[in-house]
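Enquirer: Okay, sequence plus prediction incoming.
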Number of protein chains: 2
Amino acid sequence: MSATTINNSSDQATPQDFAAVFARLKPHMNALDIFLRGQLAAFEPEIREMADYCIDTSGKRIRPALVFLSGWSWGDVPSTDLVRVAAVVELVHLATLVHDDIMDEADLRRSRRTASRQYGPEAAVLLGDALFAHALHLAAQFPTPEICHAVSDSTRKVCAGEIVQTLRRGTINITREDYFRVIDLKTAELFRISCFLGGKLGGYPPSFVEAASRFGRHLGIAYQIYDDLADFFGQEQRIGKTLGTDLQSGKVTLPILALLDRLPADDRALLVEEILQRRDADLPKRLRQMGELGIFHVMAAEVETELIQAEAALAPHGGLAPVSLLHQLCGTLRYQVRNLQAPTGV
Amino acid sequence: MSATTINNSSDQATPQDFAAVFARLKPHMNALDIFLRGQLAAFEPEIREMADYCIDTSGKRIRPALVFLSGWSWGDVPSTDLVRVAAVVELVHLATLVHDDIMDEADLRRSRRTASRQYGPEAAVLLGDALFAHALHLAAQFPTPEICHAVSDSTRKVCAGEIVQTLRRGTINITREDYFRVIDLKTAELFRISCFLGGKLGGYPPSFVEAASRFGRHLGIAYQIYDDLADFFGQEQRIGKTLGTDLQSGKVTLPILALLDRLPADDRALLVEEILQRRDADLPKRLRQMGELGIFHVMAAEVETELIQAEAALAPHGGLAPVSLLHQLCGTLRYQVRNLQAPTGV
């Protein structure tokens, strides 16, 4: 399949299909890079280097991709408005990463020292603030306060999700509903607003903007479930972090909830104890149990449920330029889920 | 002097004068309180209590006072716009306090446990983010993006000032110019924008808005010098913190720069060593030296220089309602400087 013909049936997507989508986005990502680098001059000299360090080019840039794809029109030159708003969502995301890494006491992100390790947690708190303030500064450059309103509201929700998750760490009194509420706030909200802003600034009608927002939200939920699954079933080298970190740090994710649901009472009590005490969990044993109890497939089904809803949201707008491209993103995620390393015995 | 006649000669101000100004602001501060409490519903339930804890009523609320006074018109009912924008600057200030207290590992603020001690530094990072995001959310409710633009730009500067200060802590290579640059960013900027927004939303002409902004900036610089002076000459009970904390934490402020300038070479080297090593400084000795070398009076003169510039900025607008009230604020600060505890021997 050539890079210019894109398979519309995302459930059978191949790596070449995604390469095709991302090849289409290359001029957009280049424009975003140039724009972001151009913003560095706006920071005080002492912060410029720190900001530059964060605005690296190796990230996945999923949120800017959602902006560009939701606002897609035929023709490969992204509008200035789309580039600016892609920078806004990426800067908000980078700010939350900088603050997350302080809390997680993480050493590495994308194989580089985290800002917190590089400059100290004190400077990292403020660096995150400065990145966030700059995002809002860019959002305020649009002629109406609507963009600023949407971005600040989303950011508040993202923070809320992170706070709720942080407060719950090391507690076990968490329901499936709680889990979904947190990921809706901390992940799906920024996916949603990226599609909302892309569709809006791409000049699409309100009905599509609303549909794209719903698409983004479900894709975000699916993505977070995948990410939480990868913490157990990923290949360490590929996901770039140690397996089982969520379990070790007392963060109760959906795969852990599913495992707790399916364990016999005595072993369940032991796992609860490990989470409460943040004791070193017996990870190989838990991975084996996850395999035996089919957790991988249960989670893959959860991801699929969200992806089907994401695609359904776009169904009435099949004729619009962004739709087939957004569908390809669902395909990308399906492919990534399939390619997680299946645990022994599954 | 009654509460309705206000002395215009601020250099001879008495405590009654300030009581008069603050009595005038009572309906405004009440409206602000009601507005801020009303905002709590906008936060997720888990964060509401934390936000409530921060939005306490015991703070000095200098920045909202600057908004109300700069936008003053005869009549005691503040406009909705002024109340909202006063809430915006106060929330930005509260967010920076929450983050500052994490970095300073402070236990108490205004005689209560800091948010960082109460909820843990992790939650405090996110709480600060949520307060800041909410401030921008309120700023985006104005019909033009101008307010959002001004607030996000100011916040970026405040963060920049804090970062530069943090990076310099425990270093000695700091000039008087560096000190002024940091306090211009970290303190004077929010004072400036408070006056700017107050004047603007109070419906005053651009020439006054510009003058009020300059007034705010100089008042902010004066206030920060006073605050740094109070760290050495304050009465512990009244300023609510231990004396000499800046020196102990390696923060080189203007009084320390002035002392370094005036010490004999050998003793200077010893003080430099104490700052570099963040060793326990001999505070009684340093306070005695500050007394002997007249540092208190040198600093009082620095404050006065800024206050004169603040008042001069307003001079062409003497006929406008806000001017005599803003002058009273200069008087308040002069009074507070005079009432710092003079060290023994001065």
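Expert: Good, I have the coordinates.
Enquirer: Give me the pLDDT for the residue lying farthest from the centre of chain A.
Expert: Distance from the centre of chain A peaks at A:Asp266, with 35.5 Å (CA atoms, centre = their mean). A:Asp266 is assigned 93 on the pLDDT scale.
Enquirer: mind listing what's buried in stretch A:125-143?
Expert: A:125-140, A:142 (16 or more other CB atoms under 10 Å in any protein chain shown). Backbone N, C-alpha and C define where each C-beta goes, glycine included.
Enquirer: cool, and stretch A:160-177?
Expert: Residues of stretch A:160-177 classed as buried by neighbour count (16+ other CB under 10 Å): A:Ala160, A:Gly161, A:Glu162, A:Ile163, A:Val164, A:Gln165, A:Thr166, A:Leu167, A:Arg168, A:Arg169, A:Ile174.
Enquirer: was I right about the second one contacting A:Val182?
Expert: Yes - at 5.2 Å, A:Gly161 and A:Val182 qualify as touching, with contact defined as CB atoms under 8 Å.
Enquirer: on that earlier part again, and the buried residues of stretch A:160-177, which of them are in strands?
Expert: Per DSSP state E, strands hold no members of those.
Enquirer: Now narrow these to whatever sits close to chain B.
Expert: Near chain B, judged by CB under 8 Å from any CB of the partner chain, the entries from the buried residues of stretch A:160-177 are A:Ala160, A:Glu162, A:Ile163, A:Val164, A:Thr166, A:Leu167.
Enquirer: check contacts around the first one.
Expert: Applying CB atoms under 8 Å, 6 or more residues apart in numbering or on different chains, we find A:Ala160 in contact with A:Leu185, B:Phe43, B:Glu44, B:Glu46, B:Ile47, B:Ala130.
Enquirer: What is the neighbour count of the residue nearest to A:Pro121 when sequence neighbours are not counted?
Expert: The shortest distance from A:Pro121 to any non-neighbouring residue, by CB to CB, 6 or more residues apart in numbering or on different chains, is to A:Ile102 (4.8 Å). Neighbour count for A:Ile102, taken as other CB atoms under 10 Å in any protein chain shown: 23.
Enquirer: list the contacts for A:Ile102?
Expert: A:Ser116, A:Pro121, A:Ala124, A:Val125, A:Gly128, B:Glu122, B:Val125.
Enquirer: Keep only those of those that are in strands.
Expert: Among those, DSSP E puts none in strands.
Enquirer: tell me which of those is nearest to B:Leu36?
Expert: Nearest to B:Leu36 among those is B:Val125, at 21.5 Å by CB to CB.
Enquirer: ok, now how distant is that closest one from B:Gly59?
Expert: Counting by CB to CB, to the nearest Å, the gap from B:Val125 to B:Gly59 is 21 Å.
Enquirer: do A:Ala188 as well
Expert: 36 Å.
Enquirer: And the strands in the stretch 1-150 of chain A?
Expert: For the stretch 1-150 of chain A, the strands defined by DSSP state E, counting those that start in this stretch cover A:108-109, A:112-113.
Enquirer: helices or strands next to the last one in the packing?
Expert: Identification of packing neighbours for strand A:112-113 by 3 or more CB pairs under 8 Å, 6 or more residues apart in numbering or on different chains; DSSP states H and E yields no helix or strand.
Enquirer: Pull the distance from that strand to the chain's centre.
Expert: 19 Å (CA atoms, centre = their mean, to the nearest Å).
Enquirer: what is the mean pLDDT for it?
Expert: For strand A:112-113, the per-residue pLDDT averages 76.
Enquirer: quick one: strands adjacent to it?
Expert: Strand A:112-113 has its sheet partners listed here by DSSP bridges as strand A:108-109 (antiparallel).
Enquirer: What residues does the stretch 151-300 of chain A have near chain B?
Expert: The stretch 151-300 of chain A has residues A:151-153, A:155-157, A:159-160, A:162-164, A:166-167, A:185 near chain B, with proximity defined as CB under 8 Å from any CB.
Enquirer: Taking these together, which two end up most distant?
Expert: Across these (CB to CB), the longest gap, 24.7 Å, separates A:Val151 and A:Leu167.
Enquirer: Can you tell me which of the buried residues of stretch A:160-177 lies closest to A:Gly319?
Expert: Once CB to CB is applied, the member of the buried residues of stretch A:160-177 that ends up nearest A:Gly319 is A:Gly161, at 34.7 Å.
Enquirer: Looking at neighbours, which among the contacts of A:Ala160 is most surrounded?
Expert: B:Ala130 (28 neighbours).
Enquirer: So which bits of the helix or strand hosting A:Ala230 are buried?
Expert: Assigning secondary structure by DSSP states H and E places A:Ala230 in helix A:206-233. For helix A:206-233, burial by neighbour count (16+ other CB under 10 Å) applies to A:208-209, A:211-233.
Enquirer: Quick one: mean pLDDT over that helix.
Expert: The pLDDT scores in helix A:206-233 average 96.
Enquirer: if we can go back for a sec, list the contacts of the residue farthest from the centre of chain A.
Expert: For A:Asp266, the contact set (CB under 8 Å, 6+ apart) is empty.
Enquirer: and the gap between it and chain B?
Expert: Going from A:Asp266 to chain B by CB to the nearest CB, to the nearest Å gives 32 Å.
Enquirer: what about A:Thr166, distance to A:Lys157?
Expert: To A:Lys157, A:Thr166 is 15 Å away according to CB to CB.
Enquirer: what does A:Phe191 give?
Expert: A:Phe191 is 12 Å from A:Lys157, by CB to CB.
Enquirer: do the same with A:Leu69
Expert: Distance of A:Leu69 to A:Lys157, given as CB to CB: 22 Å.
Enquirer: Compare these two (neighbour count), which wins?
Expert: The neighbour comparison of A:Leu69 against A:Lys157 (other CB under 10 Å) goes to A:Leu69, with 28 against 21.
Enquirer: So the more buried one is in contact with A:Leu326, correct?
Expert: Yes - A:Leu69 is within contact range of A:Leu326, at 5.5 Å (criterion: CB under 8 Å).
Enquirer: Tell me the buried residues in stretch A:280-293?
Expert: Buried residues in stretch A:280-293 (16+ other CB under 10 Å): A:Ala281, A:Arg286, A:Leu287, A:Gln289, A:Met290, A:Gly291.
Enquirer: And stretch A:328-338, by the same measure?
Expert: Under the neighbour-count criterion of 16+ other CB under 10 Å, stretch A:328-338 has A:Gln328, A:Leu329, A:Cys330, A:Gly331, A:Thr332, A:Leu333, A:Arg334, A:Tyr335, A:Gln336, A:Val337 buried.
Enquirer: try stretch A:113-128
Expert: Applying 16+ other CB under 10 Å to stretch A:113-128 flags A:114-128 as buried.
Enquirer: Show me the helices in the stretch 51-200 of chain A, by range?
Expert: Here the stretch 51-200 of chain A has its helices, by DSSP state H, counting those that start in this stretch, at A:62-70, A:80-103, A:115-119, A:121-139, A:146-168, A:176-183, A:189-201.
Enquirer: Dump the longest one to PDB, restricted to CA.
Expert: What follows is helix A:80-103, C-alpha atoms only, in PDB (Å, rounded to 0.1, in the frame of the first residue of the first chain):
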ATOM      1  CA  THR A  80      -1.500  29.500  11.400                       C
ATOM      2  CA  ASP A  81      -4.500  29.100  13.800                       C
ATOM      3  CA  LEU A  82      -4.200  25.300  13.800                       C
ATOM      4  CA  VAL A  83      -0.500  25.500  14.400                       C
ATOM      5  CA  ARG A  84      -0.900  27.900  17.300                       C
ATOM      6  CA  VAL A  85      -3.600  25.900  18.900                       C
ATOM      7  CA  ALA A  86      -1.600  22.700  18.500                       C
ATOM      8  CA  ALA A  87       1.200  24.400  20.300                       C
ATOM      9  CA  VAL A  88      -1.300  25.400  23.100                       C
ATOM     10  CA  VAL A  89      -2.400  21.800  23.700                       C
ATOM     11  CA  GLU A  90       1.100  20.500  23.500                       C
ATOM     12  CA  LEU A  91       2.400  23.100  26.000                       C
ATOM     13  CA  VAL A  92      -0.400  22.300  28.500                       C
ATOM     14  CA  HIS A  93       0.500  18.600  28.100                       C
ATOM     15  CA  LEU A  94       4.200  19.300  28.600                       C
ATOM     16  CA  ALA A  95       3.400  21.300  31.700                       C
ATOM     17  CA  THR A  96       1.500  18.400  33.200                       C
ATOM     18  CA  LEU A  97       4.300  16.000  32.300                       C
ATOM     19  CA  VAL A  98       6.800  18.200  34.100                       C
ATOM     20  CA  HIS A  99       4.600  18.300  37.200                       C
ATOM     21  CA  ASP A 100       3.800  14.600  37.000                       C
ATOM     22  CA  ASP A 101       7.500  13.700  36.900                       C
ATOM     23  CA  ILE A 102       8.100  15.600  40.200                       C
ATOM     24  CA  MET A 103       5.300  13.600  41.900                       C
END
